[in-house]
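Trainee: following is a predicted model, sequence given first.
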Amino acid sequence: MKKFIHNTIQSQKVFYRYFRKKGLKRFLKENVLESTGSNETKAKSIALGVFIGLSPFWGLHSFLAVTLSVYFKLNKLLTFMSAQVTFPPLIPLIIFLSMMAGGPFVSNTTSLENQSFDFEFIKNNLTQYIIGSFILSVGCAVILGFLSYFILERFNPQSKNDVKKT
């Protein structure tokens, strides 16, 4: 298990080094706009990555992103990149939004004001977090999938014609 965790952390480090080296503009141009595949496939890859990144499968995001993108024949790099949405500064916000989204679906909703986030709090509210996490991940995946499709259609409309010619 230690080796699996170590490999997951190493894969994220490699991705961040690669991303920092290229810069955002060059990275998006080379790996999103100029990558092979239709805009629909790229948008599905981004949506799958966001879904996996916001899901409660902590520690398995990289593995699931690559595995499912191969299974569904999507763009592996885009799926992996969009699954990295859970970097440390955003984790408290993601947990908070998951708890808020899961609140209406659980009988005993917890107020998050003046709470100490200890093991007892997690044990009592795990169901609310898991339900909310799936709701948040599905909602964000659908929204960002459609948004990325429309953005790709606007900035890269010729890729649809390239796919039809081959």
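Mentor: Arrived safely.

Trainee: can we go C-alpha only for contacts and neighbour counts from here?
Mentor: Fine.

Trainee: so where's this protein uncertain?
Mentor: Counting by pLDDT under 70, the low-confidence segments of the chain come to 1-20, 22-25, 27-35, 109-115, 117-118, 157-166.

Trainee: go with 90
Mentor: Under the criterion pLDDT under 90, the flagged ranges of the chain are 1-39, 42, 57-62, 75-82, 84-96, 98-100, 102-129, 151-166.

Trainee: what about the strands in it?
Mentor: Read by DSSP state E, the chain holds no strands at all.

Trainee: ok, Tyr149 - contacts?
Mentor: Tyr149 makes contacts with 39-40, 42-43, as judged by Cα atoms under 8 Å, 6 or more residues apart in numbering.

Trainee: of these, which belong to helices?
Mentor: Among the contacts of Tyr149, the members found in helices (DSSP state H) are 39-40, 42-43.

Trainee: got a winner among those for most neighbours?
Mentor: The most crowded member of those, judged by other Cα atoms under 10 Å, is Ala43 (27 neighbours).

Trainee: give me the distance between it and Asn124.
Mentor: Taking Cα to Cα, to the nearest Å as the measure, Ala43 and Asn124 are separated by 37 Å.

Trainee: try Val142
Mentor: In terms of Cα to Cα, Val142 sits 30 Å off from Asn124.

Trainee: Lys73 too?
Mentor: Relative to Asn124, Lys73 is positioned 39 Å away (Cα to Cα).

Trainee: ok, now Ser82?
Mentor: Computed as Cα to Cα, the Ser82 to Asn124 distance reads 31 Å.

Trainee: who has more neighbours, these two?
Mentor: Set Ser82 next to Asn124 and count neighbours by other Cα under 10 Å: Ser82 wins out with 21 against 12.

Trainee: wait, isn't that one in contact with Ile46?
Mentor: Yes: with contact defined as Cα atoms under 8 Å, Ser82 reaches Ile46; the gap is 5.6 Å.

Trainee: what do these two both touch?
Mentor: Taking Cα under 8 Å, 6+ apart as the criterion, Ser82 and Ile46 do not both touch any residue.

Trainee: could you report the separation of the residue lying closest to Gly53 once chain neighbours are set aside from Gly102?
Mentor: Computed as Cα to Cα, 6 or more residues apart in numbering, the closest residue to Gly53 that is not its neighbour in sequence is Ala83, at 4.1 Å. For Ala83, the distance to Gly102 (Cα to Cα) stands at 21 Å.

Trainee: cheers, nothing more for now.
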